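Q: make a model of this:
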Amino acid sequence: DRRFLGSLADQSATAIEAIQLSAQTIQALRETETLYRASSAIFATNTINDAVIALRVQVQQLNPDRIDVFMFDPHVATDRADWLVRWEAQPPDFRDTMLIANTYITDVDLLTREPMYVENLSAARPAEVDTLRRLPLSDNIQAQISLPLRIKMNYVGRLVISFFEPRQFSAFERRFVSTLLEQVSVVMDNATLFRQSHEQGEETATLYQTTRAIADAVDNIGVLRAIVDQALAENVNRVMLVRLVGTDWNTPTSAVDVVADWSQGSGLDMQGMRFMASQFPGWRELSTPDILWIDDIMTSPQLSDESRMGYLAFDIAAFVMVPLVAAGKPIGTLLIGSSEPHEHNDRELRIYTSLANTAAIAMENRNLLSQAQARARQLSTSSQVGQAATSILNLNELLDRSVQLIKESFRYDQVQIFLISADGLDAVLQASTGDSGSLLLAKHHKLGVGSASVIGRVTSSAQLYNVSDTADSRMTHRPNAYLPGTRSELALPLIA
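A: Here you go, the predicted model:
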């Protein structure tokens, strides 16, 4: 009997062990199948949004009361994260809610905290309670799985699975959720790389096409047109190419010429206008040695009230200023403005910087060519004046010929020659171009030596004097009723 019972006990134990092993094997197979199906569903996605939706669907197998996913860009300094997914089992209206737009949380540091498995809130550690309570809509939560989402070594968000009753999490459930997160990270990494490659391709194409258009441009207006047609973001409504007149932004006599201007709508065309520092409210931003971008002129602490008013007059609410530099020297600025506040991104800034460099080279090459042509004209004019001086014996005829040659060669609006009277008191007009010049000659126009005028100053000092802007009160200038459009003057002494 004892042998019989012992044998029966051994056989029963073996059978029980076999049943348990079979049950464990079946359970392991079920878990493996569950993981496989969940993994396949996630790996079948191609975008971040699709991967997040697949994750939410698979996590629902745990029968949670809520599922939330928060995400942010680790490469952008920000104080908010997108509340990308909000799903609730009750009420039924929320069961199909997957992706929500334009909703944020500002406690971004919560999303980078360590993994957390809270099975019963009443027994949780203080740090766990703090993390749980600081997430939105946490009042009814009694248990929670809260895991950071990473791409490689960068935190990008957090998955939060919440329960309204205490709940124990099995080893498989913990492994299930962490495995899904790892696979979502892989999909997101691949999607990010694909998006970056696509964006880089588009960026390269934009730069190539715009650079070609700039190279083909015949003038500065064409350079600006190439940038407008090929490279602008949709929000842009104003672009200016501004050229520095002078060698330094900080020189008192420095000015800027608006060599090209484009705007959407009926804005004031400023092309051809010249401004001194005192006349342009945004001179400090215009003269920046580094790229400067303002997303909202009304809230930026970098701007003065005077600058804000100036930009509003140009219908600019956000802008980028990109310095134009050639051979290490500043030659101007590219201004790109928007009529509405705009958050500028790295791609835009890279494109604008690259195109500004290309535009600066094109502008400087064109300027050097213009200088070479001007120098050739100067030499030709000097030669012609020299020939006239040796061949024309009549002084009045010589002076008339000289002012005409200078006007035509240097493309001035008005050229005059004054000679000091015999008593040395007055500078008397001897030759002048145009109809206004004829009228001035007819009235025997003269200016006192040493008087408050350009001619008076030069005849008394025997020094060259240049007035780059006659509207500048710091400059010596006497208005002439016969020449009301004079904006700049240059006078040189004639010394025998």
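
Q: tell me where the stretch 251-400 of the chain has strands.
A: Taking DSSP state E, counting those that start in this stretch to define them, one finds strands in the stretch 251-400 of the chain at 255-263, 274-276, 292-294, 318-326, 329-338.

Q: what would these look like in CSV with mean pLDDT, distance to Gln183 and mean neighbour count?
A: Placement of C-beta: from N, CA and C, glycine included. As requested, those are exported to CSV (pLDDT from 0 to 100; distance: least, CB to CB, whole Å; neighbours: other CB atoms under 10 Å):
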stretch, mean pLDDT, distance to Gln183, mean neighbour count
strand 255-263, 91, 49, 21
strand 274-276, 86, 59, 19
strand 292-294, 94, 38, 20
strand 318-326, 93, 40, 22
strand 329-338, 93, 41, 22
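
Q: for those strands, which one sits closest to Ala360?
A: Closest approach to Ala360 among these is made by strand 318-326 (3.9 Å; CB to CB).

Q: what's the closest one packed up against?
A: Secondary-structure packing of strand 318-326 (3 or more CB pairs under 8 Å, 6 or more residues apart in numbering; DSSP states H and E): helix 283-286, strand 292-294, strand 329-338, helix 346-391.

Q: quick revisit: format the strands of the stretch 251-400 of the chain as JSON lines; extra columns: distance to Val129.
A: Formatted as JSON lines, the strands of the stretch 251-400 of the chain follow (distance: least, CB to CB, whole Å):
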{"stretch": "strand 255-263", "distance to Val129": "57"}
{"stretch": "strand 274-276", "distance to Val129": "62"}
{"stretch": "strand 292-294", "distance to Val129": "42"}
{"stretch": "strand 318-326", "distance to Val129": "43"}
{"stretch": "strand 329-338", "distance to Val129": "45"}
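
Q: out of those, which comes closest to Asn235?
A: Closest among the strands of the stretch 251-400 of the chain, once you apply CB to CB, is strand 329-338, at 4.5 Å.

Q: just checking, what packs against that closest one?
A: strand 236-245, strand 255-263, strand 318-326, helix 346-391.

Q: show me the strands in the stretch 101-250 of the chain, by range?
A: Here the stretch 101-250 of the chain has its strands, by DSSP E, counting those that start in this stretch, at 104-105, 116-118, 143-151, 154-163, 236-245.

Q: in its sheet, what does the fourth one sit against?
A: Sheet partners assigned to strand 154-163 using DSSP bridges are listed as strand 66-71 (antiparallel), strand 143-151 (antiparallel).

Q: and stretch 160-170, which residues are buried?
A: Of all the residues in stretch 160-170, those buried under the rule 16 or more other CB atoms under 10 Å are Val160, Ile161, Ser162, Phe163, Arg167, Phe169.

Q: give the contact list for the closest residue to Val186 other than its chain neighbours.
A: Nearest residue to Val186 in three dimensions, chain neighbours excluded: Phe43, at 7.8 Å (CB to CB, 6 or more residues apart in numbering). The contact partners of Phe43, by CB atoms under 8 Å, 6 or more residues apart in numbering, come to Gln183, Val186, Val187.

Q: can you tell me the closest non-neighbouring residue to the last one?
A: Yep, that's Val187 we're talking about. Per CB to CB, 6+ apart, closest to Val187 is Ala51, 4.3 Å.

Q: the host helix or strand of the one you found: which residues count as buried?
A: Using DSSP states H and E, Ala51 sits in helix 48-59. By neighbour count on 16+ other CB under 10 Å, the buried set for helix 48-59 is Ile48, Asp50, Ala51, Val52, Ile53, Ala54, Leu55, Arg56, Gln58, Val59.

Q: I'd assumed Ala191 was in contact with the third one.
A: What it means is Ala51. Yes - with contact defined as CB atoms under 8 Å, Ala51 counts as touching Ala191 (7.1 Å).

Q: so Glu199 versus Ala205, what's the distance?
A: The gap separating Glu199 from Ala205 is 11 Å, by CB to CB, to the nearest Å.

Q: and what of Asp189?
A: 25 Å.

Q: which one's more surrounded, those two?
A: Asp189 (16 against 11; other CB atoms under 10 Å).

Q: need the strands paired with strand 154-163 in CSV (columns: distance to Pro323 and mean pLDDT).
A: Formatted as CSV, the strands paired with strand 154-163 follow (distance: least, CB to CB, whole Å; pLDDT from 0 to 100):
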stretch, distance to Pro323, mean pLDDT
strand 66-71, 36, 88
strand 143-151, 35, 90
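
Q: can you tell me which of the ones you listed is nearest to His342?
A: Closest to His342 of these is strand 66-71 (CB to CB; 22.6 Å).

Q: residues making contact with the closest one?
A: Contacts of strand 66-71 (CB under 8 Å, 6+ apart): 48, 52, 55-56, 59-60, 81-89, 105, 111, 135-137, 141, 149, 156-162.
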